[in-house]
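Peer 1: with the input below, show me the fold.
(chains A and B)
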Amino acid sequence: GQSLEQPSEVTAVEGAIVQINCTYQTSGFYGLSWYQQHDGGAPTFLSYNALDGLEETGRFSSFLSRSDSYGYLLLQELQMKDSASYFCAVRDGEGQGGKLIFGQGTELSVKP
Amino acid sequence: AAGVIQSPRHLIKEKRETATLKCYPIPRHDTVYWYQQGPGQDPQFLISFYEKMQSDKGSIPDRFSAQQFSDYHSELNMSSLELGDSALYFCASSLGGRIYEQYFGPGTRLTVT
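Peer 2: The predicted structure is shown next:
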């Protein structure tokens, strides 16, 4: 089976940089995704890493190290609107089947 | 851009009743997923459909069933509702095997009293 671990809470101030870590244990690995979810809202896809290294999308970057079964989401120039839960997720299953398994989520609180 | 549509947005049912949730995926997306999310929890995968055929199954109770229709919309049918079924139910869709990149609908908040 698949399991993911991420911190339950992170607090940071506006304008700062925060890193949310995710470690995973999988029977087969097809990449690591990140999703953002505001309270009461729907999860929103942020990024995906299939290969080692850093992927940058605006203020957000995501990193993957397959040898360490580890990834992180980096949020720069934090804004109040970044306060949300962030989930890492891995795929379970192959071919046209398969599903996403989510971590427990990290609740990010951005303070003024 | 078109998004995933879910209806209803809110639903209140009594124990032992039946509920039907509907999902309209993004046009041309070929895979639909259903998730259940309790308060403070991560989304739990229930079931998915690829090109109208069930493609994977998760922790979906036997009381629940789902199908995808010829127009690609999907319905989640929930019978003999229990208090523990109260949750947010999300539908998501993806294109071309991009399981890692799913687009979620706004969700249906089901309350069982």
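
Peer 1: once you drop chain neighbours, what's closest to the residue nearest in space to the middle of chain B?
Peer 2: By C-alpha atoms, centre = their mean, the mean C-alpha position of chain B lies nearest to residue B:34, the distance being 3.2 Å. For residue B:34, ignoring the flanking residues on the chain, the nearest one in space by C-beta to C-beta, 6 or more residues apart in numbering or on different chains is residue B:46 at 4.3 Å. C-beta here means a position set from N, CA and C on the backbone, and glycine is covered the same way.

Peer 1: list the contacts of residue 103.
Peer 2: Here I'm looking at chain A. Under the criterion of C-beta atoms under 8 Å, 6 or more residues apart in numbering or on different chains, the contact partners of residue A:103 comprise A:4, A:5, A:6, A:22, A:24, A:87, A:88, A:89, B:42.

Peer 1: actually, chain B is the one I wanted.
Peer 2: Shown here is residue B:103, whose contacts under the criterion C-beta under 8 Å, 6+ apart are A:45, B:3, B:4, B:26, B:29, B:92, B:93, B:94.

Peer 1: dump these to JSON lines, plus pLDDT.
Peer 2: Listed next are these as JSON lines, based on pLDDT from 0 to 100:
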{"residue": "A:45", "pLDDT": "96"}
{"residue": "B:3", "pLDDT": "95"}
{"residue": "B:4", "pLDDT": "98"}
{"residue": "B:26", "pLDDT": "96"}
{"residue": "B:29", "pLDDT": "93"}
{"residue": "B:92", "pLDDT": "97"}
{"residue": "B:93", "pLDDT": "96"}
{"residue": "B:94", "pLDDT": "94"}
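
Peer 1: for those residues, pick the one with the most neighbours.
Peer 2: For the contacts of residue B:103, the largest number of neighbours (other C-beta atoms under 10 Å in any protein chain shown) sits with residue B:92, at 28 neighbours.

Peer 1: partners of that one in the sheet?
Peer 2: Residue B:92 has these beta-bridge partners by DSSP bridges: residue B:33, residue B:104.

Peer 1: hang on, it packs against residue B:35?
Peer 2: Yes. Using C-beta atoms under 8 Å as the test, residue B:92 is close enough to residue B:35 to be in contact (6.8 Å).

Peer 1: report the set of residues contacting both of those two.
Peer 2: Between them, residue B:92 and residue B:35 share the neighbouring residues residue B:104, with contact defined by C-beta under 8 Å, 6+ apart.

Peer 1: what ranges do the strands span in the chain?
Peer 2: Because you didn't say which chain, this covers chain A. Chain-ordered strands for chain A, with DSSP state E as the definition, fall at A:3-5, A:9-13, A:18-25, A:32-37, A:44-49, A:53-57, A:60-65, A:70-75, A:84-92, A:99-102, A:106-111.

Peer 1: nope, chain B please
Peer 2: Going by DSSP E, chain B shows strands at B:5-7, B:10-13, B:19-24, B:31-37, B:44-50, B:53-57, B:64-68, B:74-78, B:87-94, B:103-104, B:108-112.
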